[in-house]
Structure formats: C-alpha cells, structure tokens
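J.: Quick check, what structure comes out for this input:
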Amino acid sequence: MTAAYDPQNIFAKILRGEIPAQKVYEDDHTLTFMDVMPQGDGHTLVIPKAPARGLLDADPASLAAVAATVQRVARAVKAAFAADGLTVFQYNEPAGGQTVFHLHVHILPRFDGVALGRHTGGMADQGVLADHAARIRAALETA
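T.: Just a heads-up that it's a prediction; the model follows:
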C-alpha cells in the first residue's frame, strides 16, 4: 500500500515559498527549478502544483501538464547547454529510488562520453545554479 501524500515534503514547501529554489519556469499547473544536488550541469526538476506523491496517484490532467512542461523545458535545457542528448527520468516509492515524495521529473543534459554524476547529497553552489537557471530561461524565451 502506498503511503499518503505528505504536504510537508520539501517540494510542497518550495511551492508555498517556504524554501527558496532557483526557478526556471512556472505556469498555472507546474513549476520547474534547478536540482540542488545535480548529477550534472543543468539538472532540472519539473513538478506539478497539485499534490501527488508519484506517478500512480497523480491526477491525469496534472500529469499531462507535467509532460507538456517537461517537453518544453527539455528543449530549452538541451539548447542552453548545447547538449548532445537528454536523460529524463522519474522515480516512484523508495524501492524505485524516490527520495522526495512529491511527483517530479528529472531533466539532465547529456554529453557524449560524459557519465552522470552521483546524487551525493552535497549541495551545489547557489550562484552556479542561478546561472544555469538563467541560461535555461533565456533558451525558453527564444524557443
């Protein structure tokens, strides 16, 4: 049995403005921001504004909004970092690798011959994250 959604999770707190984030894109249904423990430059997260623990309990309309935002932002991430490709992934429940229990999708620019870094728990420099967010926002404006 899946646990209930916890409105005190870190992403819910970001949505409420209780915790700062390097925001990239926002619309009525989704929020995109930089991962504070990136596995590579440009590691971006997309979340729904509607509460959902993961893929299986998300409202279909909210899930569709997330998918549309992922596609839009992924194009900008690829352009902003002149990436050779992208990795897009989403985890569900602890056994599936999920550590924050609010639905979220990872977008990572990828480069030929460069392995992903580890999600080590070390926080990235906020200035670097702010720069990366600005690069993606600029790419969104030209898309």
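J.: helix, strand or coil for the spatially most central residue of the chain?
T.: Geometric centre of the chain, nearest residue: residue 45, 0.5 Å, by CA atoms, centre = their mean. The local conformation at residue 45, judged by DSSP: H, G, I helix; E, B strand; the rest coil, is strand.
J.: Quick check: it touching residue 106?
T.: Yes - using CB atoms under 8 Å, residue 45 makes contact with residue 106 at a distance of 6.1 Å. Every C-beta, even on glycine, is put in place using the N, C-alpha and C of the backbone.
J.: Neighbours of the residue nearest to residue 37 when sequence neighbours are not counted, how many?
T.: Using CB to CB, 6 or more residues apart in numbering and skipping the chain neighbours, the partner closest in space to residue 37 is residue 119 (5.5 Å). For residue 119, the count of nearby residues is 14 (other CB atoms under 10 Å).
J.: Would you confirm that residue 119 contacts residue 39?
T.: Yes - with contact defined as CB under 8 Å, residue 119 and residue 39 form a contacting pair (5.6 Å).
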